[in-house]
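Asks: coords please:
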Amino acid sequence: MPPRAKSVDLVRPPTGKGEATRARLLDVAVTAFGQHGFSGVTTRQIADEAGASLPTLNYYFGDKAGLYLACAHEIADRYERAMGDIAREVVAALRSPMDAEAARARLRVLFGALIEFLFAREDTKTWALFIQREIANPGPAYEVLYARVWMPGVEIAAVLIGRVMGLAEATTDARVRAILLISSLTGFSSGRQVATRVLDLPPPEHAAAVARVVDEQIGLLGRS
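Replies: The predicted model follows:
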């Protein structure tokens with residue numbers, strides 16, 4: 001488990017060319033930590049691969065633990081940029097009465113965006129490895145991902161599922177259904193190599209196949 005980062009100057013805001021350098025360091029670090037774990041890679045290796053100096057890395061992230069935590073925030077930032085507008089629209093819509101079919105339509109839009117996010121981006125492969133390590137061995141980065149990605153994602157899906165089932169709010173059963181739907185997507189995304197062999201489909205077609213099945217599952221909610 002990575003140690004806790006120092007509380008002072010964890011991340012310094014970049015300016016000018018520094019923004020590109022910081023972004024490059026994060027891209028390299030997410031991949032390296034995902035493939036080798038926190039203890040399996042050094043900050044010097046990350047800096048060298050990113051074409052930056054070790055003092056530059058330390059300037060932006062403080063230390064190795066600070067860099068690791070910044071990777072989690074970067075993953076959460078990209079998730080929020082991809083899903084934030086849709087999530088805010090759903091939250092606004094939920095303030096008014098919503099019948100089952102309206103909730104079902106919103107749920108389809110939400111999961112359609114999540115499928116696009118998970119399958120249309122090459123960098124999600126490296127994020128998946130980083131995230132899997134945090135799930136298996138939770139540390140400070142796990143808390144970042146839980147608070148900014150997993151918990152709000154599950155909750156908004158659960159509230160919609162509750163509305164589909166005629167409930168005013170999310171219940172335990174609705175949250176279980178939300179977790180099952182979301183985890184099936186993330187598991188499919190992280191297991192792309194297995195899926196490619198089993199389905200005999202090229203990766204670009206995975207998203208369409210998954211979207212069809214998820215759409216069917218959403219259509220069955222509340223009908224039994």
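
Asks: distance from the longest helix belonging to the chain to the middle of the chain?
Replies: Ranked by residue count and defined by DSSP state H, the top helix of the chain is helix 64-93. Centroid separation for helix 64-93 versus its chain: 7 Å, with CA atoms, centre = their mean, to the nearest Å.

Asks: which residues sit against the worst-scoring helix or strand of the chain on mean pLDDT?
Replies: One helix or strand of the chain scores below all others by mean pLDDT, DSSP states H and E: helix 192-199, with a mean of 74. Residues outside helix 192-199 that contact it (CB atoms under 8 Å, 6 or more residues apart in numbering) are Lys125, Phe188, Leu201, Pro202, Pro203, His206, Ala209. For glycine as for every other residue, the C-beta is placed from the backbone atoms N, C-alpha and C.

Asks: for that helix, the distance to its chain's centre please.
Replies: 21 Å.

Asks: repeat for stretch 23-38
Replies: 15 Å.

Asks: circling back: tabulate the contacts of helix 192-199 (JSON lines), appending pLDDT.
Replies: JSON lines is the format used below for the contacts of helix 192-199 (pLDDT from 0 to 100):
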{"residue": "Lys125", "pLDDT": "74"}
{"residue": "Phe188", "pLDDT": "74"}
{"residue": "Leu201", "pLDDT": "74"}
{"residue": "Pro202", "pLDDT": "73"}
{"residue": "Pro203", "pLDDT": "68"}
{"residue": "His206", "pLDDT": "76"}
{"residue": "Ala209", "pLDDT": "86"}
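
Asks: buried among the residues you listed? Need that as a selection in PyMOL.
Replies: Buried residues among the contacts of helix 192-199 (16 or more other CB atoms under 10 Å), as a PyMOL selection:
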select buried, resi 125+188+206
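
Asks: tell me the one of the contacts of helix 192-199 nearest Gly153?
Replies: Each of the contacts of helix 192-199 was scored against Gly153 by CB to CB, and Phe188 proved nearest at 15.7 Å.

Asks: so where does the closest one fall, helix or strand?
Replies: helix 172-190 (DSSP states H and E).

Asks: cheers, nothing more for now.
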